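Engineer: Quick one: sequence plus predicted model below, questions after.
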There are 2 protein chains.
Amino acid sequence: MIAGKYKLRIVWDLKDGPLRYGQIRSGLLRGADGTGEIAPRELSRELKALTQSGLIDRKDYGVVPPKVEYRLTPKGRSFVPVIAAIRWGTRHLGRARAVDRSAAS
Amino acid sequence: MIAGKYKLRIVWDLKDGPLRYGQIRSGLLRGADGTGEIAPRELSRELKALTQSGLIDRKDYGVVPPKVEYRLTPKGRSFVPVIAAIRWGTRHLGRARAVDRSAAS
DNA sequence: CAGGATCCCGGTCGATACTG
DNA sequence: CAGTATCGACCGGGATCCTG
């Protein structure tokens, strides 16, 4: 259900409110230089999978230029504490990648 | 660090005490009929990775026939609650595989 | 008993180009 | 802006056989 390289990070990034496709994409940058970002195809697939799993919800505003927002469903929100636990663990076990701009914890 | 198909289950199974190679293997059976168990190569690799990550500890008794025990390190033990959180989540989100013989929770 | 060696399949993910 | 289409590399993992 949460398999995939970005699913956890996506859900985590959505915990503070809805984000648009491009915003999610920006949040997943691997390098500060912009190289090696997530391929649109990949982001699209992960979002689709998360939607089908019922963790997130897709809202298409049906306008041009396109505007689509993704937000957590209740189910998705119920999963956030689990991710928090994972993050807590990883932070204490070394290895944390700490790609967190929200200065939580 | 916990990537891999069996790592979480291995750590989880070790939470109640040390287990020998064969015991871990038995605990990972996928079918009750014994078909499709984990390949020894795979178990070996996951155990090696977990050892290098410092989550488990390998104790070789150096006897014949071979006897090797694996146990959690403090670091590994500190990770158990995280797995518990994951299990809690999955149980509440559907999808739980519930391969649990310890009747916990 | 606890692994190592070998072969190979399939899924995941990356890069690039294109579009309503 | 929010995706799709296409091609291909990587590698996790399965099956089987072998060994100190």
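Structural biologist: All right, it came through fine. Keep in mind that what you see is a predicted model, and the values were worked out from it rather than measured. Numbering: from 1, shown residues only, chains lettered A, B, ... in the order given.
Engineer: going forward, measure contacts between C-alpha atoms and count neighbours the same way
Structural biologist: Noted.
Engineer: List the buried residues for the biggest helix by length in chain A?
Structural biologist: For chain A, the helix reaching the highest residue count under DSSP state H is reported as helix A:74-92. In terms of neighbour count (16 or more other CA atoms under 10 Å in any protein chain shown), helix A:74-92 has its buried residues at A:76-77, A:79-80, A:82-83, A:85-87, A:89-90.
Engineer: Also compute the angle for the worst-scoring helix or strand of chain A on mean pLDDT relative to helix B:74-92, please.
Structural biologist: In chain A, no helix or strand scores lower on mean pLDDT, DSSP states H and E than helix A:74-92, which sits at a mean of 87. Angle of helix A:74-92 versus helix B:74-92, following axes from the mean of the first three to the mean of the last three CA atoms, to 10 degrees, is 180 degrees.
Engineer: residues making contact with helix A:74-92?
Structural biologist: Applying CA atoms under 8 Å, 6 or more residues apart in numbering or on different chains, the contact partners of helix A:74-92 are A:8, A:11-12, A:15, A:54-56, A:96, A:98, B:78-79, B:82-83, B:85-86, B:89, B:93.
Engineer: any chance you could map the helices in chain A?
Structural biologist: A:7-14, A:21-27, A:40-53, A:74-92.
Engineer: who wins for proximity to DNA strand C among those helices?
Structural biologist: Closest of those to DNA strand C is helix A:40-53, at 5.7 Å (criterion: CA to the nearest atom of the strand).
Engineer: so how far is DNA strand C from the residue with the largest distance to the centre of chain A?
Structural biologist: Going by CA atoms, centre = their mean, the residue of chain A most distant from its centre is A:Val64, 24.4 Å out. Taking CA to the nearest atom of the strand, to the nearest Å as the criterion, A:Val64 is separated from DNA strand C by 7 Å.
Engineer: Now that residue: phi and psi?
Structural biologist: When read as degrees, to the nearest 10, the backbone of A:Val64 gives phi -120, psi 130.
Engineer: Equivalent analysis for A:Tyr6, please.
Structural biologist: Note on A:Tyr6: its backbone torsions stand at phi -120, psi -10 [degrees, to the nearest 10].
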